[in-house]
Structure formats: C-alpha cells, structure tokens
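Asker: got a sequence here, can you model it:
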Amino acid sequence: MTKIFTLILAFRYRLNGMLLTVYLLATECKVGRNLKCLRLPVFRDIPKGNISIGDHVVLGKGVSFEISGNGRLELGDQVVIGDGVKISSTHLIRIGNWSGIAENSSIRGSLHKMLKDQYYMKQPSTGSDITVGEDVLIGANVVILGGVYLPDGVVVGAQSLVNRHDKVHAYGIFAGSPLKHIRDRQ
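Answerer: Modelled structure (predicted):
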C-alpha cells in the first residue's frame, strides 16, 4: 500500500510541475527540466517573462510568488523551496544552484516608503536586489530583506532575520535576530 501511495505522490509532483511549466512558458518565462511541485504556487501578479527556473527545482505546497513591477526571480538548478515560503519583490531575487529554503520563510526585496504625509499603502515601493549564492541553506521561518547578499555555502538558522547591514561570509553559519556568526562549516 505504501508503494502505491509513493507512486501516486511522485506522479502528482511531476504532473503539477508539468502544469506549472506550461503556465510559465505561456507567460514567456524560462523553465528548466524536471520541475516538481506538491501544489501549484500562488502568483499575486501574472508573470510576464520575469521568472527563470533552472533544472530539477522542487517547490513545496503553499509557495507564494509576488514578483511585480520590474521584479525578477531567478532560481538556479537543484533549488528546493519548502512549504509556505513567500517570495516578494519589485527587484531582482537570485537564488543559486543547490540552495534550499525551509518552510514558512519569507524573502522580501521591497517595501513601502514610510512618509508621514500620506497612507503607507499609497506610497510607491522601494527596495533592492537579493542574491543567495550556491549551496546556501535558509532555515525555517527566516526573513530575508532587500539588499542582502548571502555568499556561497552560508547557513542561516531557523527564525533568523537577515538584513542588508548584516555581515556574512562564505561557508559561515549564522542565526538570530540580530544575526550573529555561530561558526564556520567544516
């Protein structure tokens, strides 16, 4: 019985991946081979050629993309995005090969201006690019804000906040809010 369930789940992953591939190609986006997803992601804006997905990418259930305005999303090869991850920006978000984002994390490359003379929702968005290098692990419930550069091999521990002022280096392990260096990968 479990073998049948496993086969059904694998088929569902691939079928959803094929449906998502067709949708993204129809909107002039780029999609590599063997995209898999447990459930189709939610798009707050219709993609307009601004999403690029590499080979062998896996998306969990409840993933949400809000790539609007001049925003672009680039996922490298072998990227895994866990359940409930939210990716939102009006700028470039680039995630390198073999990187993973655990469940319920949020990557936000833009925010509203905060001038006091008008409602914040009526103010234009501001922000900056986010780059996640190769072989990066982002733990559960992590928030990454605009302007962040995570070099290759970085590990960010669960429930951490990463902003553009944090100093991170390649193959380091970081955690907390404010973000602190724990140790380096061995």
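Asker: and Leu20, what are its phi and psi?
Answerer: Main-chain dihedrals, Leu20, degrees, to the nearest 10: phi -60, psi -40.
Asker: which residues touch it?
Answerer: Going by CB atoms under 8 Å, 6 or more residues apart in numbering, Leu20 touches 31, 35, 37, 40-41, 59. Heads up, the C-betas are built off the backbone N, CA and C, glycines and all.
Asker: of those residues, which count as buried by neighbour count?
Answerer: 31, 35, 37, 41, 59 (16 or more other CB atoms under 10 Å).
Asker: among those residues, which two are most distant?
Answerer: Val31 and Pro41 (12.6 Å; CB to CB).
Asker: narrow the contacts of Leu20 to those in helices?
Answerer: Judged by DSSP state H, the contacts of Leu20 include no members of helices.
Asker: Thr90: which of these is nearest?
Answerer: Pro41 (18.3 Å).
Asker: quick check: that closest one touching Glu66?
Answerer: No - at 10.5 Å, Pro41 does not count as touching Glu66 under the criterion of CB atoms under 8 Å.
Asker: for the most centrally placed residue in the chain, give the beta-bridge partners.
Answerer: The residue lying closest to the centre of the chain (CA atoms, centre = their mean) is Ile87, at 5.0 Å. Ile87 has these beta-bridge partners by DSSP bridges: Phe65, Ile107.
Asker: so it touches Ser68, yeah?
Answerer: No - taking CB under 8 Å as the definition, Ile87 is not a contact partner of Ser68, at 11.5 Å.
Asker: what's the overlap in contacts for these two?
Answerer: Common neighbours of Ile87 and Ser68, using CB under 8 Å, 6+ apart, do not exist here.
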